[in-house]
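Asker: sequence first, predicted coordinates after that:
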Amino acid sequence: MAIRKSTAPHLEQKYTDPKYFDYLNELDDFFTKSAGSSVGKLGSFAKYVPRGMLARFLARYEVFKSVLTVEGSIVECGVLEGGGLMTWAQLSAILEPANHQRRVIGFDTFAGFVSIASEDQMSTSEFLVEGGFAADSYAELQECIRIFDMTRYFQHISKVELVRGDIKETVPRYLEENPHLVVSLLYLDVDVFEPTAVAIKNLVPRMPKGAVIAFDELNLPTFPGETLAVLQELGLNKLRIQRPPFGTAISYAVLE
């Protein structure tokens, strides 16, 4: 059976068990051939969702719960296809429907990596090239947000915002234009050094005690730039870094 990279475009082929791609392809075929509408199938999502993807969803749920009573918006740096971004939006709409102050803001180039710094050169990832992890999902996500808003409380107040461009430029500019911003959750998933360092430097001062910084590639050889940016801007020994007990690369630290 041929591996469909579209089934899981973020997976590193050389680090992933080929049997796992077989598993994904089987699920893909099963979903396509199963009876019922797509929305109906989503209602029974546990039949179809890969276990690892469900684990990532649960990890995000655990992270979100920890900031439920913390003031501030959620900022995700590195949106890709938008699954994480819309997880934060859905969780907020479900668990705190009246919290119109909590916004979900996603920063991404939507064109992949802009540049590769020297701190990233030890990466073992096949995606570490200019334009790597490109996902032209901006227009699709705008439509997704429009549909999401249809059944949400306070529909007249924007909940989810996309900021397109190089984070090294867009984050400082966004703060100039939105001086009121307080951040309760910063989710770092841009993989490489420079935008990660810029995000930390500019956004962490906006985070109160109890806020959470979450990491997607910390302690991973595929993208050492994230770890090096945390070392430079925060210092690892100043953070109590935790991870969910189930299988996922997500880790997080509560600011104390």
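Answerer: Happy to help now that I have it. Bear in mind that the values here come from a model prediction, so they are computed numbers and not experimental data.

Asker: strands of the protein, start to end?
Answerer: 73-77, 104-108, 160-164, 183-188, 212-215, 241-242, 251-254 (DSSP state E).

Asker: could these go into a markdown table alongside mean pLDDT and mean neighbour count?
Answerer: Yep, even glycine has a C-beta here, placed from its N, CA and C like the rest. Shown next, in a markdown table, are those (pLDDT from 0 to 100; neighbours: other Cβ atoms under 10 Å):
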| stretch | mean pLDDT | mean neighbour count |
| --- | --- | --- |
| strand 73-77 | 98 | 25 |
| strand 104-108 | 98 | 26 |
| strand 160-164 | 98 | 18 |
| strand 183-188 | 98 | 24 |
| strand 212-215 | 98 | 24 |
| strand 241-242 | 96 | 16 |
| strand 251-254 | 98 | 20 |
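
Asker: kindly reformat these as CSV containing distance to residue 121.
Answerer: Output for those, formatted as CSV (distance: least, Cβ to Cβ, whole Å):
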stretch, distance to residue 121
strand 73-77, 21
strand 104-108, 23
strand 160-164, 27
strand 183-188, 20
strand 212-215, 20
strand 241-242, 24
strand 251-254, 23
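
Asker: residue 20 is nearest to which of those?
Answerer: With Cβ to Cβ as the measure, strand 251-254 is the member of the strands of the chain nearest residue 20 (21.7 Å).

Asker: partner strands of the closest one and their direction?
Answerer: Partner strands and pairing direction for strand 251-254 (DSSP bridges) are strand 212-215 (antiparallel), strand 241-242 (antiparallel).

Asker: how about the residue nearest in space to the middle of the chain: what's its closest non-neighbour residue?
Answerer: When Cα atoms, centre = their mean is applied to the chain, the residue found nearest the centroid is residue 84 (4.4 Å). Among residues not flanking residue 84 along the chain, residue 76 sits closest, at 6.0 Å (Cβ to Cβ, 6 or more residues apart in numbering).

Asker: got the buried residues for stretch 81-100?
Answerer: 81, 82, 84, 85, 86, 87, 88, 89, 90, 91, 92, 93 (16 or more other Cβ atoms under 10 Å).

Asker: that concludes my questions; thank you for your assistance.
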